[in-house]
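>>> Got a predicted structure plus its sequence, pasted below:
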Amino acid sequence: MSDSVTAAGLLLKLYELRTEPTLRQARAWFAFEFHPSSSRDVLSTWLGPGHESAPYRMVTSYWDMAASFVTQGAIPAEMFNAANTEHFALYAKLRPYLTEVRAATRYPDYLSHVEQLVTAPADAVDRIDLFDRYMQRQRALALEGKQRKNFN
């Protein structure tokens, strides 16, 4: 495992990448506009044509890449989880569909780094539930027309 100074440098680089405008917009779309209700919704967004596939892939691949730094030992999980929470929200949103999505795509490792990182802490269930409630609230706000679109 890397020393803490090196790991902190990686975390800062990941934060810098998150503030890049295209990724920032994709993250806002994922959190506030993308509200799947089935694995079909996830698959059609991920694999389908159109403008929604790009932000979906950008967000999910970013967080799985970032989580891989932890699962591969470059960043300690405690340090990563102390500095980030969005990967819990991503997992909470997609968790109900992951088994079917993995089976349909024959990609059993899809988002496995995120899943390993999010489910490992002792308080994983509580943290996932917290972000699941947050995502459900965002869905409700969107359905009520109270969610602004196209954040920057």
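Cool, the structure landed.

>>> ok, now which ones touch residue 101?
39, 42, 43, 46, 94, 107, 110 (CB atoms under 8 Å, 6 or more residues apart in numbering). No exception for glycine: its C-beta is placed from N, CA and C like everyone else's.

>>> Please pick the buried ones from those residues.
With burial judged by 16 or more other CB atoms under 10 Å, the buried subset of those is 39, 42, 43, 46, 94, 110.

>>> Could you dump these into CSV with distance to residue 12, pLDDT and secondary structure added?
Shown next, in CSV, are the buried ones among the contacts of residue 101 (distance: CB to CB, whole Å; pLDDT from 0 to 100; DSSP: H, G, I helix; E, B strand; the rest coil):
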residue, distance to residue 12, pLDDT, secondary structure
39, 36, 98, helix
42, 31, 98, helix
43, 35, 97, helix
46, 29, 97, helix
94, 27, 98, helix
110, 28, 98, coil
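
>>> Export those to CSV and append columns for distance to residue 132.
As requested, the buried ones among the contacts of residue 101 are exported to CSV (distance: CB to CB, whole Å):
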residue, distance to residue 132
39, 17
42, 15
43, 21
46, 20
94, 11
110, 19
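
>>> Closest one of these to residue 10?
Set against residue 10, the nearest of the buried ones among the contacts of residue 101 by CB to CB is residue 110 (23.3 Å).

>>> Residue 99 in helix, strand or coil?
helix (DSSP: H, G, I helix; E, B strand; the rest coil).

>>> can you tell me how far it sits from residue 35?
Distance of residue 99 to residue 35, given as CB to CB, to the nearest Å: 19 Å.

>>> Between the two, point out the one with more neighbours.
Using other CB atoms under 10 Å as the criterion, residue 99 and residue 35 rank with residue 35 on top: 17 against 11.

>>> is it true that that one touches residue 140?
No - applying CB atoms under 8 Å as the test, residue 35 and residue 140 come out as separate, 9.3 Å apart.

>>> Which helix or strand contains the residue sitting nearest the centre point of the chain?
Among the residues of the chain, the one closest to the centroid is residue 90, at 3.1 Å (CA atoms, centre = their mean). Residue 90 is located in helix 86-94, with elements delineated by DSSP states H and E.
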